[in-house]
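**Student:** Provided below for reference: sequence and predicted model.
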Amino acid sequence: MAVVSAVLVLLWFIGNAQSTGMVPTTLGLWTMGNMVAFLLHLIFWEVLIIGIPVIIAALAGWLWWKRLPEEEKKEHHFSDKRSRSTGGGGGAISLLVGIAFLIKVYADGNWNFAVATWTLDYLVSSFLSVLMWTIVIFGIPGIVIGLIWWIANKRGKKLDSLS
């Protein structure tokens, strides 16, 4: 029910965003400013209309579950085992590169220019430069920290083998 409601809110918001002039009706005329404003407003309305009621319902369900006697909880046959997520942490890197790309577009002065006017060369070179700087800024310290950790562990093993 929440997923269907979220899709309906999305469709409602898209119609209103176009009719109120928040965004151009032609996608080729959208700027990065339009995209960011559109996404921030969409997130606000989704949280307000869908997220808050779902959180309230989940909290009410959790409080109801906590007040149930143990015998009734066992009747529902829910597993007591907790699942562990095996997903990687790639989402944070993608978000970081995306934010860095937005900063690059803003610094280049292309924030309020239609995306359709960008060349493929500009898009690819901007993305690659952002990726390179992200690797330099986070990769080099990561390698140094990894090397220090590795050397400390090797030295610790040598001291253990001597005694």
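**Tutor:** Done, it's in.
**Student:** mind giving me the domain split of this protein?
**Tutor:** Per automatic domain parsing, the domain ranges recorded for the chain read 1-76, 91-163.
**Student:** hey, least reliable of the ones you listed by pLDDT?
**Tutor:** Ranked by mean pLDDT, the domains of the chain end with domain 91-163 at the bottom, a mean of 88.
**Student:** can you tell me the helix or strand for Q18?
**Tutor:** Using DSSP states H and E, Q18 maps to helix 2-19.
**Student:** in that helix, what's buried?
**Tutor:** 9, 13, 17 (16 or more other Cβ atoms under 10 Å). Where you see a C-beta, it was placed from the backbone N, CA and C, and this is true even at glycine.
**Student:** ok now it, how far from the chain's centre?
**Tutor:** Chain-centre distance of helix 2-19: 20 Å, with Cα atoms, centre = their mean, to the nearest Å.
**Student:** Just the C-alpha atoms of stretch 9-17, please, in CSV.
**Tutor:** Output of stretch 9-17 as CSV, limited to C-alpha atoms (Å, rounded to 0.1, in the frame of the first residue of the first chain):
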residue,chain,number,x,y,z
VAL,A,9,2.4,11.0,-4.9
LEU,A,10,5.2,10.9,-7.5
LEU,A,11,2.7,11.2,-10.3
TRP,A,12,0.8,14.0,-8.5
PHE,A,13,4.0,15.9,-7.8
ILE,A,14,5.2,15.6,-11.4
GLY,A,15,2.0,17.0,-12.7
ASN,A,16,2.0,19.9,-10.2
ALA,A,17,5.7,20.7,-10.8
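**Student:** Please list the residues outside that stretch that contact it.
**Tutor:** 22-23, 38, 41-42, 45-46, 49-50 (Cβ atoms under 8 Å, 6 or more residues apart in numbering).
**Student:** Do a quick rundown of the helices in this protein.
**Tutor:** 2-19, 32-46, 52-67, 70-75, 90-108, 120-134, 140-162 (DSSP state H).
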